[in-house]
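>>> Got a sequence here, can you build the structure:
(2 chains)
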Amino acid sequence: MLILSPANEAEAAAMVLDARAARRPMQIQGGGTRAGLGRPVEPDTILSSLGLTGITLHEPAELVIRARAGTPVREVEATLAAHGQMLPFEPMDHRALYAAIGGRTAGEPTVGGLVAVNASGPRRLAAGAVRDYLIGVRLVNGRGEVVKSGGRVMKNVTGLDLVKLECGAHGTLGLLTELTFKVLPKPEATATLVWSGLEDAPAVDALTRAIGSPFEMSGAAHIPAGADRGAARTLVRLEGFEASIESRIPRIADLLSDCGVPERLDAEAAQQLWADIGDGRSLGADPDRMVWRLSVAPTRGPEVVSRARPIILDHMYDWGGGLIWIATAADGDAGAAAIRAALAPCGGHATLVRAPYALRKVVEVFEPLAPALRSVTADIKASFDPEGLFNPGRMYEGI
Amino acid sequence: MTAIAFPTPDPAVLARRPEILTGLAALVPPECLIESEDERRAFETDGLTAYRQLPLAVVLPRTTEEVSAVMRYLHAEGIKVVPRGAGTSLCGGAIPQLDAVVLGTSKMNRILDIDFANRTARVEAGVTNLAITGAVSYEGFFYAPDPSSQLACTIAGNIAMNSGGAHCLKYGVTTNNVLGVRMVLADGRVVDIGGQHLDSGGLDLLGVVVGSEGQLGIVTEATVRILRAAEGAQPVLFGFASAEGAGATVAAIIGAGIIPVAMEYMDKLAIEICEAFAHAGYPLDVEAMLIIEVEGSTDEMAAQLGRIIAIARQHGVKTIKESRSATETAAIWKGRKSAFGATGRIADYICMDGTIPTGRLPEVLRRIREITEHHGLRAANVFHAGDGNLHPLILYNINDPVEQEKAEEAGNDILKLCVEVGGCLTGEHGVGIEKRDLMTCQFDSADLEQQMRVRAAFDKAWMLNPAKVFPLEGRVAA
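Numbers count the residues shown, from 1 in each chain, chains lettered A, B, ... in the order given. Modelled structure (predicted):
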């Protein structure tokens, strides 16, 4: 395995030009903590962003931070925290999922990797996703050109929004070199309320009423009952000024009084629980289980689960029911056909987040595309990377 | 007289006009096809009224299927298409071409589905921005992006321009509030992107469609997020003796971890113009004014306002005026949202839309004054202070060609200034024809060529809104 680790953007561009001349495809990698996500990528050359590090701009009063792609997410979050700020979308950390199956654990998630997978946590429900806070990118495309889009200001409609295209492209549209994020102040206070013993449908109904209230939920999840975890738990999280939270708590409890009396979790336990939900840790703890993430209209969550029930070993809901985590067995297609059939009547998409190499080679990891969208996707890929150098086949075969 | 060029119309297409009209007439009923010159005049410009181009014809389809049939036909015939919502674009995004057919969304104006539980509304693309809020407000919901033109502008146009508004500091702009579209591609194929769920299962195509200024396809339906409104909202007026005081207050509020739902800035001339029109009770004895809105329960608003007022006092605020009633709140926002229209009562104007890093605000305001004075003109400044999106209104006389040229030069200088300090040409109005030739100030050729190749992935022959966004020279295909 050849690892190319450019120290700056110009070196990266030169390496891509060389690769283009040699028609040598490459895996794009940051910390390597998400290498298990997506269809297997075969090239034996890695183009790494780990030499591109450092926070290059942080203007707290302008709510903006910029870092080179190989910068650890942890470093960005620490810098923001020192100013009472945060990445609002709660970055998902894939390490626990892959460590459980013996995946690589030495590396650290980078901002480049985070943007490449657009994976957001529980606050996505209220605050938005990685893609909503990414306001600028620099990258090297497959022609060896340095390209920028967006910038450092949060309102910017100048030209086509290539920033959004790069976010969630899984490294297929270029080597990201520098990212700029809009950030937000950390909430002064947080409270998590838990109702116990609800079945899926009434739980999602309760979450729907909570989110539809004026009391602003920043998290809304449901963990069904399980042998190793006791009764079902239905959770909402409130954030904001102390006084605001204290005034909202009794009102939300009153609104959901038909669900029983909620317990208020202590801060540390709550933080751990939300991180567990966001990263799929408990659900993915058993290494023999395949892990799916489904995005659906929130109220349709329970019916999707019910239709796919025969292949489901475990599941839970985040985003008020709109994000379903599902664990399946490794048999056959790991439940792909059943899950996608269950989604068909209501729309949405499913991603196979964790599965062994052999399965990811034969199962569609990402949502299969309608023919017209597949041709547009292929043409966009070619517009950035005409020779197919970057992560070939990572998202779709032949793209 | 005009500084902005249009491509030379294709004489062969102009000569084929009767045949093209016949072809279109076979696809849509007579009331959906506008042929006469008198009626086509209504479509010859948009919000950038200094420029006019009579279109070949105007088609107003009623359904996605009709749009698809029209696009398929025009694609086969090699005829260019200029999409149009309500025609309120301030950058000329909907201005036609002599050899192009205008395709308007105005007859597709039904709200198809409101789903309060999933907090979405599915609407035809010709529905106006405000009509969405109007349709969901009885349950206490609203559609968040609120451009000043929201009474007239369509969701199709909002998607094309990625429109913002006064409240996007908290709620984001169009791209953060649209979940899905049904879109007709340049060749007539119909695609569905996204839906009622969050995020994309593949590449974020929706992300590049929003803000693409009608170059990637014709959006015929949209699924948008609707949000439950806060219990209450209250705007407060803060008057300052200087722009610096107002700018420092904005920075300090954000620095203190407070994100008000809106922070709007107006300078003295803008205050005078808007107060004369809206009688909102704006202070007339100040150099700069902020409208800061907070929302929540009565207690929450009081607590947040207490902090904001303390910060404003530290920065020398001269007058503070809280809204005392819904009527006063409405008047305060009416004044701000009618800033463009009210300005139009006293002079013609060009409305600029650059964004700057907010830390550069006092410096940029000073240089805007220098630029306009250098050209012998005046500018009124209204803008979204929290996000640095400026709207200098350059006043001039549209019937004086020399003054128009000066106004355009001043506008260009202001936009170059925005880019120079680290900002961008347009925060929410779009590039259109107005800023097309300035794109090279912000982007290198590699940046622009990458954008153009992505554009070509959707429209290989450059038939959709082709005179917009990218400089006419140096265009690339896939």
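
>>> does residue B:180 count as helix, strand or coil?
Three-state assignment for residue B:180 (DSSP: H, G, I helix; E, B strand; the rest coil): strand.

>>> pLDDT weak spots in the stretch 1-150 of chain A?
A:104-105 (pLDDT under 70).

>>> mind listing the helices for it?
Secondary structure of the stretch 1-150 of chain A (DSSP state H, counting those that start in this stretch): helices at A:9-22, A:73-81, A:95-99, A:111-117, A:124-127, A:130-133.

>>> Deepest-packed of these, please.
helix A:111-117 (a mean of 29; mean count of other CB atoms under 10 Å in any protein chain shown). (Each C-beta comes from the backbone N, C-alpha and C, glycine too.)

>>> before we move on, the earlier item: and the helices of the stretch 1-150 of chain A: which comes nearest chain B?
helix A:130-133 (5.0 Å; CB to the nearest CB).

>>> at contact distance from chain B, anything in that closest one?
Yes: shown here: helix A:130-133 in contact with chain B (CB under 8 Å from any CB of the partner chain) through A:131, A:132.

>>> That helix: how far from the chain's middle?
Here helix A:130-133 is found 10 Å from its chain centre; the criterion is CA atoms, centre = their mean, to the nearest Å.

>>> contacting residues for residue B:466?
Residues near residue B:466 by CB atoms under 8 Å, 6 or more residues apart in numbering or on different chains: B:7, B:80, B:97, B:100, B:215.

>>> Three-state assignment for it, please.
Under three-state DSSP, residue B:466 falls in the coil class.

>>> so what pLDDT did it get?
pLDDT, residue B:466: 96.

>>> same thing with residue B:168?
87.

>>> how about the helices in the stretch 51-200 of chain B?
Going by DSSP H, counting those that start in this stretch, the stretch 51-200 of chain B shows helices at B:64-77, B:129-136, B:155-161, B:168-171.

>>> out of the contacts of residue B:466, who's near chain A?
residue B:215.

>>> export the helices of the stretch 51-200 of chain B to TSV and tack on mean neighbour count and distance to residue A:289?
Output for the helices of the stretch 51-200 of chain B, formatted as TSV (neighbours: other CB atoms under 10 Å in any protein chain shown; distance: least, CB to CB, whole Å):
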stretch	mean neighbour count	distance to residue A:289
helix B:64-77	20	42
helix B:129-136	20	41
helix B:155-161	31	40
helix B:168-171	22	38
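
>>> Quick one: closest of those to residue A:271.
Across these, the minimum distance to residue A:271, taken as CB to CB, is reached by helix B:168-171, at 24.3 Å.

>>> Do the closest one and chain A come into contact?
Yes: on the criterion CB under 8 Å from any CB, helix B:168-171 is in touch with chain A at residue B:168.

>>> what about dumping the CA coordinates of that helix to PDB?
Taking C-alpha atoms only, helix B:168-171 is exported to PDB below (Å, rounded to 0.1, in the frame of the first residue of the first chain):
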ATOM      1  CA  CYS B 168     -32.300  33.400   8.700                       C
ATOM      2  CA  LEU B 169     -29.900  34.100  11.500                       C
ATOM      3  CA  LYS B 170     -31.800  31.500  13.500                       C
ATOM      4  CA  TYR B 171     -33.800  29.500  10.900                       C
END
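
>>> where does residue 317 fall, phi/psi-wise?
Went with chain A since none was named. When read as degrees, to the nearest 10, the backbone of residue A:317 gives phi -120, psi 140.

>>> right idea, wrong chain: chain B
Main-chain torsions, residue B:317, degrees, to the nearest 10: phi -60, psi 140.

>>> go on, residue A:235?
The phi/psi pair for residue A:235 (degrees, to the nearest 10) reads phi -120, psi 140.

>>> How many residues are close by it?
If you count neighbours by other CB atoms under 10 Å in any protein chain shown, residue A:235 ends up with 26.

>>> same question, residue A:379
Residue A:379 sits with 17 neighbouring residues when counted by other CB under 10 Å.

>>> Surely it touches residue B:459?
No: at 10.4 Å, residue A:379 and residue B:459 do not qualify as touching, with contact defined as CB atoms under 8 Å.

>>> returning to what we had before: can you lay out the helices of the stretch 51-200 of chain B as TSV showing distance to residue A:195?
What follows is those, written out as TSV (distance: least, CB to CB, whole Å):
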stretch	distance to residue A:195
helix B:64-77	43
helix B:129-136	28
helix B:155-161	37
helix B:168-171	28
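
>>> Would you mind checking which of these scores lowest on average pLDDT?
Least confident of the helices of the stretch 51-200 of chain B, judged by mean pLDDT, is helix B:168-171 with a mean of 88.
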